[in-house]
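> fold the following.
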Amino acid sequence: NKVYSTAIAKTQKIWTAYLDSIMKVGQMQILRRQITNELNYSCRFDSKHLAAALENLNKAILADIEAHYQNPSLPYPKEDNTLLYEITAYLEAAGIHNPLNKIYITTKRLPYFPTVNFLFLISQFPKLQYNRNLGIV
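Predicted coordinates for the structure are as follows:
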């Protein structure tokens, strides 16, 4: 019994530390989205022509890259071409990007990581409540 209760206490400490880490990352992700939305709103309000030009240039470049992958004989921007790097800086400054799709660091694949996250999510479900007014959990 004592060994079992000690194991449960250690597991609770691990889940609590994991929850704190997940909450910090989630809060940072929400902040990144809010900053991007504010940048996008400000850009559209202050200079709608610049925002429209950036969006159209981005769509055109993405269409060209997609066409290259469908037909490799079509041209693709060279590595020494700085267009993609420069347009990325402008798009980020204007808030025309999805910060959640950006990868800052990579790690090696951890075994059973999806399973641990699934078990963690299942353990946290009883704490969540749906708020109809906000439309979020």
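> how close does residue 24 sit to residue 79?
36 Å (Cβ to Cβ, to the nearest Å). C-betas here are computed from N, CA, C, even on glycine.
> so between the two, which is more surrounded?
In this comparison of residue 24 against residue 79, neighbours counted by other Cβ atoms under 10 Å, the higher total goes to residue 24 at 10 against 7.
> where does the most centrally placed residue in the chain land on pLDDT?
Compute the mean C-alpha point of the chain, and by Cα atoms, centre = their mean the closest residue is residue 100, 1.4 Å away. Note on residue 100: pLDDT of 88.
> could you measure from the closest residue to residue 75 other than its chain neighbours over to residue 101?
Once flanking residues are discounted, residue 75 sits nearest to residue 68: 6.8 Å by Cβ to Cβ, 6 or more residues apart in numbering. Relative to residue 101, residue 68 is positioned 20 Å away (Cβ to Cβ).
> who has more neighbours, these two?
More neighbours sit around residue 68 than around the other of residue 68 and residue 101, counting by other Cβ under 10 Å; the figures are 14 against 6.
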